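Undergrad: Based on what follows, work out the 3D shape:
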Amino acid sequence: FYADAAYGELWVGPSPSLAEWARALGVEVRPLPEFTGPPNGALLAGPGWTEPPRGPSEELGRVLAELRMIKDEWEIARLREAVDRTVEGFAAVLDEIPAAVAGGGERWLQGTFDRYARTHGNGPGYATIVGSGAHAPTLHWVRCDGPVRPGELLLLDMGVEARSHYTADVTRTFPVSGVFSPAQRQVHDLVERAHRAGLAQVAPGRRFTGFHHAAMEVIARGLHDWGLLPVSVDEALSERGQHHRRYLVCGIGHHLGLDVHDCARSRPEAYHGAEMAPGMALTVEPGLYFHAHDRTLPPELRGIGVRIEDDLLVTAGGAENLSAALPIDASGLENWSKERS
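TA: The predicted structure follows:
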């Protein structure tokens, strides 16, 4: 193990001792050879395991994922810390937009946030997304290798992972020049309405999928009003319709915590099929993604991508927006940008 190129101390440095792990986790930690596992087979597998590895138990992963759905006060405090550092990271990135326009491009802004996250937390909670101009409609634009040009939109999907490993996940879309064009504002305003409709559905006792459907209805009606749907709103929203999903192909929310997509190994009935409860932390993130090559769109809308994402805590009386320090509306984002210049 010492010489193992992937894990060994000779290659990657010393690992925490068992005593250090025990102090950090607050539980008793034993060497793997002393753990025999349940009669039906090993729950865990890894370096030093004495039996043929049978892989992690699917049941154990499911149980742990579902236990993580309800955060305690300590976990909530860690999430608040991660979100607060993320908001600060957004401010640091906006400060560097002139340098990005001057030649640093998306790489400069990605590097700015990742450096901030690494300095004030454990690092970025996921691959930072910096999409400028025609890159903004790409859902996970993590290449971040394009220019940043005046007059275009800049989609920033970023999250600081705190040193406790709890992570934030926040998105805002800013005008590079500080002011939205009429077409850009039209798209942003529709996404904002969908976002607020989704936020209003986050509360205990409501279905987890409720905020998704509420936001999708706003999107479908807006696209229909613009003449972009070939069918009625009712048909688009039907299970066999979904014509509006051409411009919004992803779901618009997920659990948040130790992983940016926390609790993902839960049973469907415990995740999307469940009701929200106090202590759940989740994201709401509708968007519209109008690719530059999409000829179903009028020319003025091509190449515009907008997403708004906030981190919410379900409370006994409703929900708290942990990332509310960042503006949601277009005018608020313009003013926030000006304050940074």
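Undergrad: Strands along this structure, start to end?
TA: Counting by DSSP state E, residue ranges of the strands within the chain are 123-124, 129-132, 153-158, 160-161, 170-175, 281-284, 287-290, 304-307, 310-315, 318-321.
Undergrad: Sheet-wise, list the partners of the second one with their directions.
TA: According to DSSP bridges, strand 129-132 forms sheet pairs with strand 153-158 (antiparallel).
Undergrad: Over to the last one?
TA: Sheet partners assigned to strand 318-321 using DSSP bridges are listed as strand 310-315 (antiparallel).
Undergrad: what mean pLDDT does the partner strand have?
TA: Model confidence over strand 310-315 averages 98 on the pLDDT scale.
Undergrad: okay, the angle between it and strand 170-175?
TA: Interaxial angle of strand 310-315 relative to strand 170-175 (axes from the mean of the first three to the mean of the last three Cα atoms, to 10 degrees): 140 degrees.
Undergrad: Going by neighbour count, which residues of strand 310-315 are buried?
TA: The neighbour-count criterion (16 or more other Cβ atoms under 10 Å) identifies D310, D311, L312, L313, V314 as the buried residues of strand 310-315. Placement of C-beta: from N, CA and C, glycine included.
Undergrad: wait, doesn't the second one sit right on L79?
TA: Yes: D311 lies in contact with L79 (Cβ atoms under 8 Å); the separation is 7.1 Å.
Undergrad: Could I get the full set of helices for the stretch 151-300 of the chain?
TA: In the stretch 151-300 of the chain, the segments counted as helices under DSSP state H, counting those that start in this stretch are 182-199, 210-225, 233-237.
Undergrad: With mean neighbour count as new columns, can those be given to me in CSV?
TA: Compiled in CSV, those are given as follows (neighbours: other Cβ atoms under 10 Å):
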stretch, mean neighbour count
helix 182-199, 20
helix 210-225, 20
helix 233-237, 17
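Undergrad: how about those helices, which one is nearest L10?
TA: With Cβ to Cβ, the closest approach to L10 among the helices of the stretch 151-300 of the chain belongs to helix 210-225: 48.9 Å.
Undergrad: just for the stretch 201-341 of the chain, where's the confidence low?
TA: Low-confidence segments of the stretch 201-341 of the chain (pLDDT under 70): 341.
Undergrad: try it again with 80
TA: 340-341 (pLDDT under 80).
Undergrad: contacting residues around T112?
TA: By Cβ atoms under 8 Å, 6 or more residues apart in numbering, the contact set of T112 is A92, V93, E96.
Undergrad: Need the pLDDT of it.
TA: At T112, the model reports a pLDDT of 98.
Undergrad: I'd like to know how far it sits from S164.
TA: Using Cβ to Cβ, to the nearest Å, one gets 23 Å for the distance from T112 to S164.
Undergrad: Quick check: P230 touching R246?
TA: No: applying Cβ under 8 Å, one finds P230 not in contact with R246, separated by 10.0 Å.
Undergrad: Quick check: neighbours shared by these two?
TA: Any residue near both P230 and R246 by Cβ under 8 Å, 6+ apart counts here, and not one turns up.
Undergrad: what about the two, which has more around it?
TA: Between P230 and R246, counting by other Cβ atoms under 10 Å, R246 is the more crowded of the two (17 against 10).
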